[in-house]
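Peer 1: Structure of the sequence below:
(2 chains)
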Amino acid sequence: MSAHDHSSLAAARPDFAAIAAWIPQGASVLDLGCGDGSLLRYLNDTRKVRGYGVEIDDLNIVACIQNGVNVIQGDLESGLSGFESDAFDFVILSQTLQATRHTEALVQEMLRVGREGIVSFPNFGYWRNRLHVLRGNMPVSRDLPYQWYDTPNVHLCTLHDFEDFCAEYRVHILERRVMTGDSEVHLLPNLLGGMAVYRFQRAM
Amino acid sequence: MPNSPHSVGVVSAQRAQFDTPLLFKSGAELPRYELVYETYGTLNRDKSNAILVCHALSGHHHVAGYYADDPNNVGWWDTMIGPGKPIDTSKFFVIGVNNLGGCHGSTGPSSTNPETGKPYGASFPVVTVEDWVESQARLADLLGIRQFAAVMGGSLGGMQAMQWSLSHPERVRHVLAIATAPRLTAENIAFNDVARNAILTDPDFHGGNFYGHGVVPTRGLRLARMLGHITYLSDDAMADKFGRGLRSGKYGYSYDIEFEIESYLRHQGDKFAAHFDANTYLLMTKALDYFDPAHEHGDDLNKAFAAARANFLVLSFTTDWRFSPERSRAIVKALLHNRLNVSYGEITSTHGHDSFLMQHTHYHEVMHAYLDRIAREFSA
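Peer 2: Next up, the predicted model:
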């Protein structure tokens, strides 16, 4: 992949660059719900990671193989029993958290299998989303591209919700980056941030 | 399809003679032997594009294409191999070999033992997956192939592909292990034993030396194949294809063939018994039963795969209960433990264990994508 491809990919998925920034060269990475393998390919090329994806969809399995990344077909909802404890430096859940049914169990599994977890998700508390709801409709946007009736997102949350969740389930947040498009948000993140990326570990 | 631009076209078998004794895992020794094989495509200049296809229980070296004098005799994996097919013979040099102990031309129980002038029969050594890999490695030496781009196979063929990565880690870049298992379960061995008993107890078997008696243990072979065949299909596939269909539309209250499934199985049994050697069937099922790389490592599959260096594609089929997806996932777990590159696909198919032989769009897309990736490595 050329440098140009990388920059366009990073522009299309600003969370990729944010995630990559936390991952040292040569780290081992498990990407849950890895889609067509774009993130893993990006991490392979820019960080030389030892990476594997987990994906359920047949077409994405083919796409991952075409992208030259390792992919294990499986259903995240049935857990990560195919993976040994502490097998990875990082377990990533990129833009998938909100679409998982057994979210709490999955986050615990991430921290069993990996030393650290990374999640990215669209912030439902983003002001544009709130405006949609105030106007009386579910939000539809670049980060939330679905209609209410065809969305895979069953567990949408705000930054506050996720942080409360982490406190309740003994998940220790190490770092957070909040973005709107590709620019970072520091002021009133739960209101002005379109998307968030968290890095976390088991609370001691 | 013969004449299709995607067929490798007319093929012919070749023979290789080996005069260096082969020591079997059992301790037995074969002073000399022949292997019959076919090749498709062209070996490139640095001999880096070779693929070895290992066959399953009843398979052989005729993997793709057809014979000039027998155009209906199409190779058993012709859907997978040819120009533009997943295993693209315009890129790869593909080898199919009849395993030692087989009955399609390689030295086996029905071959003449040069020392006695009679068929080996029961005296042919019990052969293991490891022994096959050694014999295949010698064929590779003969063809000047130091390292295979890939070794692959389904079922028992998948076991050979895995064994290649353990016996000769430096000689195989990719292993494609399809519809296979790290070892058979007790239930699986039980099926094999019933099949063997059908043959061993056939009065025409004569302790394996039936050749001299001018008979073939056809009844035993038929039963063995009928039983095996049931386990290669799925309940759903059988229900779809036959249901409770009756040949004459009504019950006859007799032991004649009444249900369609009975007719089908007996036909399959007859067809098989007419050309397959009973001793080869026994050997192949024993090779399946003995395969267990973890055994010598304290039953720890993780340790067994510590020697492997290859990249792996592991595929299973959802309705395969003889070599279930769970068994493939055990392989994947051991590969992950050893930090090897591995991709795993669980193909949704209704055809049970036999799925690996079938034309199936998604299965073929996965294979195609993976083989394209392999081809990029040596063309780059």
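
Peer 1: quick one: the helices in the chain?
Peer 2: I'll assume chain A. A:3-12, A:14-21, A:38-47, A:58-66, A:103-113, A:127-135, A:159-168, A:189-192 (DSSP state H).

Peer 1: actually it's chain B I care about, not the one you picked
Peer 2: For chain B, helices defined by DSSP H occupy the ranges B:129-142, B:156-167, B:186-200, B:218-232, B:235-241, B:260-275, B:278-290, B:301-304, B:325-337, B:361-379.

Peer 1: Chain A contacts on chain B?
Peer 2: Counting by CB under 8 Å from any CB of the partner chain, chain B comes close to chain A at B:313, B:329, B:332-333, B:336-337, B:339, B:341-346, B:348, B:362, B:365-366, B:369-370, B:372-373. C-beta coordinates here come from the backbone N, C-alpha and C atoms, glycine included.

Peer 1: can you rerun that using 7 Å?
Peer 2: B:329, B:332-333, B:336-337, B:339, B:341-346, B:362, B:365-366, B:369-370, B:373 (CB under 7 Å from any CB of the partner chain).

Peer 1: follow-up on the earlier one: let me know which of the helices of chain B is tucked in deepest.
Peer 2: Counting by mean count of other CB atoms under 10 Å in any protein chain shown, helix B:156-167 has the highest mean neighbour count of the helices of chain B, with a mean of 27.

Peer 1: Let me see the mean pLDDT of that one.
Peer 2: For helix B:156-167, mean pLDDT rounds to 98.

Peer 1: again, but for stretch A:17-37
Peer 2: pLDDT averaged over stretch A:17-37 gives 96.

Peer 1: And the contacts of it?
Peer 2: The list of residues contacting stretch A:17-37 from outside it, by CB atoms under 7 Å, 6 or more residues apart in numbering or on different chains, reads A:10, A:39-40, A:42-43, A:46-55, A:60, A:63-64, A:67, A:69, A:71, A:76, A:83, A:88-94, A:96, A:113-114, A:118, A:120, A:175, A:177, A:179, A:197, A:199.

Peer 1: ok, and which of these reach chain B?
Peer 2: Restricting the contacts of stretch A:17-37 to those near chain B by CB under 7 Å from any CB leaves A:50, A:71, A:83.

Peer 1: so which of the residues you listed is the most crowded?
Peer 2: The most crowded member of those, judged by other CB atoms under 10 Å in any protein chain shown, is residue A:71 (27 neighbours).

Peer 1: for the nearest residue to that residue once chain neighbours are set aside, what are its contacts?
Peer 2: Nearest residue to residue A:71, sequence neighbours excluded (CB to CB, 6 or more residues apart in numbering or on different chains): residue A:64, at 3.7 Å. For residue A:64, the residues meeting the contact criterion (CB under 7 Å, 6+ apart) are A:34, A:36-37, A:53, A:55, A:71.

Peer 1: Find the residue ranges of the chain scoring beneath the pLDDT cut-off.
Peer 2: All of this is about chain A. A:1-12 (pLDDT under 70).

Peer 1: if you could check chain B rather than the one you did, that'd help
Peer 2: For chain B, the stretches flagged by pLDDT under 70 are B:1-3, B:380.

Peer 1: Make sure residue B:136 is actually in contact with residue B:97.
Peer 2: Yes - Residue B:136 is within contact range of residue B:97, at 6.0 Å (criterion: CB atoms under 7 Å).

Peer 1: can you list the helices of chain A in a markdown table and add distance to residue B:274?
Peer 2: Output for these, formatted as a markdown table (distance: least, CB to CB, whole Å):
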| stretch | distance to residue B:274 |
| --- | --- |
| helix A:3-12 | 58 |
| helix A:14-21 | 60 |
| helix A:38-47 | 51 |
| helix A:58-66 | 39 |
| helix A:103-113 | 53 |
| helix A:127-135 | 71 |
| helix A:159-168 | 67 |
| helix A:189-192 | 76 |
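
Peer 1: Quick one: closest of those helices to residue B:305.
Peer 2: Closest approach to residue B:305 among these is made by helix A:103-113 (19.2 Å; CB to CB).

Peer 1: what angle sits between that closest one and helix A:159-168?
Peer 2: 60 degrees (axes from the mean of the first three to the mean of the last three CA atoms, to 10 degrees).

Peer 1: packing partners for helix A:103-113?
Peer 2: Applying 3 or more CB pairs under 7 Å, 6 or more residues apart in numbering or on different chains; DSSP states H and E, one finds that helix A:103-113 contacts strand A:88-94, strand A:114-122.

Peer 1: again, only using 8 Å
Peer 2: Counting contacts by 3 or more CB pairs under 8 Å, 6 or more residues apart in numbering or on different chains; DSSP states H and E, helix A:103-113 is packed against strand A:28-32, strand A:88-94, strand A:114-122, helix A:159-168, strand A:195-202.

Peer 1: Rebuild the ones you listed as a markdown table, extending it with mean neighbour count.
Peer 2: Below are the helices and strands packed on helix A:103-113 laid out as a markdown table (neighbours: other CB atoms under 10 Å in any protein chain shown):
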| stretch | mean neighbour count |
| --- | --- |
| strand A:28-32 | 25 |
| strand A:88-94 | 24 |
| strand A:114-122 | 24 |
| helix A:159-168 | 16 |
| strand A:195-202 | 20 |
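
Peer 1: Pipe these into TSV and attach distance to residue A:144 per row.
Peer 2: Listed next are the helices and strands packed on helix A:103-113 as TSV, based on distance: least, CB to CB, whole Å:
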stretch	distance to residue A:144
strand A:28-32	20
strand A:88-94	15
strand A:114-122	5
helix A:159-168	15
strand A:195-202	10
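
Peer 1: residue in chain A nearest to chain B?
Peer 2: residue A:65 (4.0 Å; CB to the nearest CB).

Peer 1: Just want the most central residue of the chain.
Peer 2: Reading this off chain A. Residue closest to the average C-alpha location in chain A (CA atoms, centre = their mean): residue A:94, at 1.6 Å.

Peer 1: I was thinking of chain B, sorry if that wasn't clear
Peer 2: In chain B, the C-alpha nearest the mean C-alpha coordinate belongs to residue B:56, at 1.3 Å (CA atoms, centre = their mean).

Peer 1: got the contact list for it?
Peer 2: B:153-157 (CB atoms under 8 Å, 6 or more residues apart in numbering or on different chains).

Peer 1: Looking at these, which is nearest chain A?
Peer 2: residue B:154 (17.5 Å).

Peer 1: Isn't the closest one up against residue B:178?
Peer 2: Yes - with contact defined as CB atoms under 8 Å, residue B:154 reaches residue B:178; the gap is 4.2 Å.

Peer 1: Please identify every residue contacting each of these two.
Peer 2: Counting by CB under 8 Å, 6+ apart, the shared contacts of residue B:154 and residue B:178 are residue B:356.

Peer 1: more crowded one of the two?
Peer 2: Legend: neighbour count by other CB under 10 Å for residue B:154 and residue B:178, higher for residue B:154 (29 against 26).

Peer 1: Taking chain B, what residue is nearest to chain A?
Peer 2: Nearest residue of chain B to chain A: residue B:369, at 4.0 Å (CB to the nearest CB).

Peer 1: outside of stretch B:279-289, which residues touch it?
Peer 2: B:57-58, B:99, B:101-103, B:108-110, B:120-122, B:124, B:126-129, B:132, B:156, B:159, B:184, B:188-189, B:192, B:195-196, B:199-200, B:208, B:221, B:224.

Peer 1: try stretch B:293-313
Peer 2: Residues from elsewhere that reach stretch B:293-313, judged by CB under 8 Å, 6+ apart: A:65, B:162-166, B:169-170, B:172-177, B:182-183, B:330-335, B:337-338, B:340-345, B:366, B:370.

Peer 1: if we go to 7 Å?
Peer 2: With contact meaning CB under 7 Å, 6+ apart, stretch B:293-313 is reached by B:163, B:165-166, B:169-170, B:172-177, B:182-183, B:330, B:334-335, B:337-338, B:340-343, B:370.

Peer 1: Any idea how far it is from the middle of the chain?
Peer 2: Offset of stretch B:293-313 from its chain centre (CA atoms, centre = their mean, to the nearest Å): 21 Å.

Peer 1: Thanks a lot, catch you later.
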